[in-house]
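**Student:** compute the structure for the input listed below.
(one chain, ligands or ions: 2)
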Amino acid sequence: MNENAAYERGAVLVDGRWTPTATRTEVFNPATAAVIGTAASSTAADVDRAATAARTAGTRWARTTPGQRAKYLRSLHALLRERRDQLVQVIVAEVGAPVTVARSAHVDLALDILASFAELAEGWDDERIGNSLVIRQAAGVVAAITPWNYPLYQLMAKVAPALAAGCSVIVKPAELTPLSAYLLADAIVDAEFPPRVVNLLPGSGSAVGAALVTHPMVNVVSFTGSTQVGRQVGAAAGTALKRVSLELGGKSASLVLPGADLVAAVRATVESAAFNSGQTCSASTRLIVPVAAYADALAVAEARALELVVGDPTLDRTDLGPLLSAEQRVRVHGFVERAVADGARVRTGGTVPEGAGHFYPPTVIADADPHAEIAQEEVFGPVLTVLSYEGDTDEAVRMANDSRYGLAGAVWGPDTESALAAARRLHTGQVDVNGAPFNVRAPFGGWKASGIGRELGRQGLEEFCETTAIQLPIPMEESCPVRPATR
Ligand code: NAP
Ligand code: MG
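**Tutor:** Numbering: from 1, shown residues only. Ligands and ions are numbered 1, 2, ... in the order given. Model prediction:
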């Protein structure tokens, strides 16, 4: 067992207090397969208590002004920034993310998200439409259900906007990665948010997640995870007519147009596919290149994959840590084996290494049929499928859109204008043009089987609001102040 108290967490945060649970779940380090700690296993009874507490606290929290809520978010940001190293350490331990990835993508992006919602709350205003004053009110009690791939980031993308909107929250982190959620809850307590506004219920999806989705006092379900579970959550929320947002899987295309910088495009796509060991919903995992460039693209992809350092996630030089679990590695390798059985070729990678951790090498798949499983389904491991197209941009765009998913994507063109023209035609929630960086202030979410709703930015905040249009009898210019009086 780890001596570190951050790893021994047997209580739930409900009703403003930490209460030990009867049973606990072990937490593993995916790089060593060793047990590193334990976390509480919440029950349906805890869900009931949390929902009642959140409902009570939410009524008062919703009456604070957006400016007041922004001050709480700023305090939380300051505390988490002070605790950055501890957050990074816990994420390296429970996710197996390399320390550089844990710092930049898991922790710093989560901090940026928090700051962005403090800013949005500070500028939050009612809207005028003719004689109507359109106001947004907190939508109520939020269930935030998150996966294990970016545990802190995923929670922040829900908790920060929910709190900014004036909602109270019940957090259900992934059972495999609860420790970073505890650190977030600690900081929320230390930032002196009103008790009960945030409740933390670690535990399983089948026990805690399902009970949250159907609980009558939960008004909003914000879910990130697999498309399969997302369908069930969406169906249950639909039956109860709850607001629901679903951030689900992806099989995003990286589309290379003729005349683009092939080497830059292919190298960046390999890096995207392998980032966080490929456990990123928005990863570019289908590289689509002109047929004339196919052989060169494969050579560049192989070379880049072989350069990436797989190993101990605590070391700065490591590019890829392990996959999250033994089960996940079996799943990833199964995709590769079936791809080969379907007639594709493994250009590099595709083997399960010896040793205790759940490591898997960056893998490049060539010659797959564009409709084969490996070209269509989310692997959630460092596996890139390289496809080619004949013909013009129309054919390239058609191939990129030939997917049941539509979460993210990339376009590489000889210049920004031609790449942007193709990007405008992709049926997906995000597109990066010529290697442009991710932006936490822009909306993120999926078309088709990649989900419903958007996270981040103004749209991400509106997911947690109900809208009321108030018609006023006099022209707006002469009416009472538009801004909430006590901002
Ligand atoms: P998941 O099974 O969809 O779970 C996501 C969250 O929902 C977890 O907290 C999970 O609890 C909970 N959950 C499970 N069943 C539920 C139910 N019936 N009602 C309410 N909540 C429920 O995803 P995962 O286990 O984290 O990963 C499995 C697969 O999902 C991966 O292999 C990958 O393909 C995909 N995935 C996609 C994304 C994405 O962002 N698109 C992210 C992560 C994973 P537990 O902790 O008990 O599982
Ligand atoms: Mg699961």
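
**Student:** now stretch 136-156: buried residues?
**Tutor:** For stretch 136-156, a neighbour-count test (16 or more other C-beta atoms under 10 Å) marks 136, 138-156 as buried. C-beta coordinates here come from the backbone N, C-alpha and C atoms, glycine included.

**Student:** tell me the domain boundaries of the protein?
**Tutor:** As given by automatic domain parsing, the domain ranges for the chain are 7-248+450-469, 252-433.

**Student:** could the ones you listed go into JSON lines alongside mean pLDDT and distance to Arg441?
**Tutor:** Shown next, in JSON lines, are the domains of the chain (pLDDT from 0 to 100; distance: least, C-beta to C-beta, whole Å):
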{"stretch": "domain 7-248+450-469", "mean pLDDT": "97", "distance to Arg441": "5"}
{"stretch": "domain 252-433", "mean pLDDT": "98", "distance to Arg441": "13"}
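
**Student:** and the strands in the stretch 201-350 of the chain?
**Tutor:** Ranges of strands within the stretch 201-350 of the chain are 220-224, 243-247, 252-256, 284-290, 345-348, based on DSSP state E, counting those that start in this stretch.

**Student:** which residues are in contact with the shortest one?
**Tutor:** Spelled out, it's strand 345-348. Strand 345-348 has contacts (C-beta atoms under 8 Å, 6 or more residues apart in numbering) with 298, 301-302, 305-306, 336, 339-340, 361-367, 386.

**Student:** over to the third one?
**Tutor:** Contacts made with strand 252-256 from outside it, assessed by C-beta under 8 Å, 6+ apart, are listed as 262, 265-266, 268-269, 272, 282-290, 293, 297, 396-397, 399-400, 403, 405, 407-412, 422, 426, 428.

**Student:** out of those, which sit inside helices?
**Tutor:** When DSSP state H is applied, the contacts of strand 252-256 are split such that 262, 265-266, 268-269, 272, 297, 396-397, 399-400, 422 fall in helices.

**Student:** just to revisit the earlier point, the contacts of strand 345-348 in helices, which ones?
**Tutor:** Per DSSP H, the contacts of strand 345-348 map to helices at 298, 301-302, 305-306, 336, 339-340.

**Student:** just the buried ones from those residues?
**Tutor:** The neighbour count (16+ other C-beta under 10 Å) marks 298, 301-302, 305, 336, 339 as buried among the ones in helices among the contacts of strand 345-348.

**Student:** what residues does the protein have near ligand 1?
**Tutor:** With C-beta under 6 Å from any ligand atom as the criterion, the chain meets ligand 1 at residues 145-149, 172, 174-175, 204-206, 209-210, 213, 224-226, 229, 232-233, 247-249, 281, 378, 380.

**Student:** so Arg441 touches Ala118, yeah?
**Tutor:** No. Counting by C-beta atoms under 8 Å, Arg441 stays clear of Ala118, with 12.0 Å between them.

**Student:** who's more crowded, those two?
**Tutor:** Ala118 (22 against 15; other C-beta atoms under 10 Å).

**Student:** is it true that that one lies in a helix?
**Tutor:** Yes. Ala118: assigned to a helix according to DSSP: H, G, I helix; E, B strand; the rest coil.

**Student:** test my guess that it contacts Gly67.
**Tutor:** No. With contact defined as C-beta under 8 Å, Ala118 does not count as touching Gly67 (10.0 Å).

**Student:** residue of the stretch 251-400 of the chain nearest ligand 1, please.
**Tutor:** Cys281 (2.9 Å; C-beta to the nearest ligand atom).

**Student:** that residue and Thr227, how far apart?
**Tutor:** Distance from Cys281 to Thr227, counting by C-beta to C-beta, to the nearest Å: 10 Å.

**Student:** okay, and the common contacts of the two?
**Tutor:** Taking C-beta under 8 Å, 6+ apart as the criterion, Cys281 and Thr227 both touch 248-249, 378, 450.

**Student:** now tabulate these in TSV and tack on neighbour count.
**Tutor:** Below are those laid out as TSV (neighbours: other C-beta atoms under 10 Å):
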residue	neighbour count
Leu248	27
Gly249	23
Glu378	22
Ser450	28
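
**Student:** give me the subset of those lying in helices.
**Tutor:** Of the shared contacts of Cys281 and Thr227, none are assigned to helices by DSSP H.
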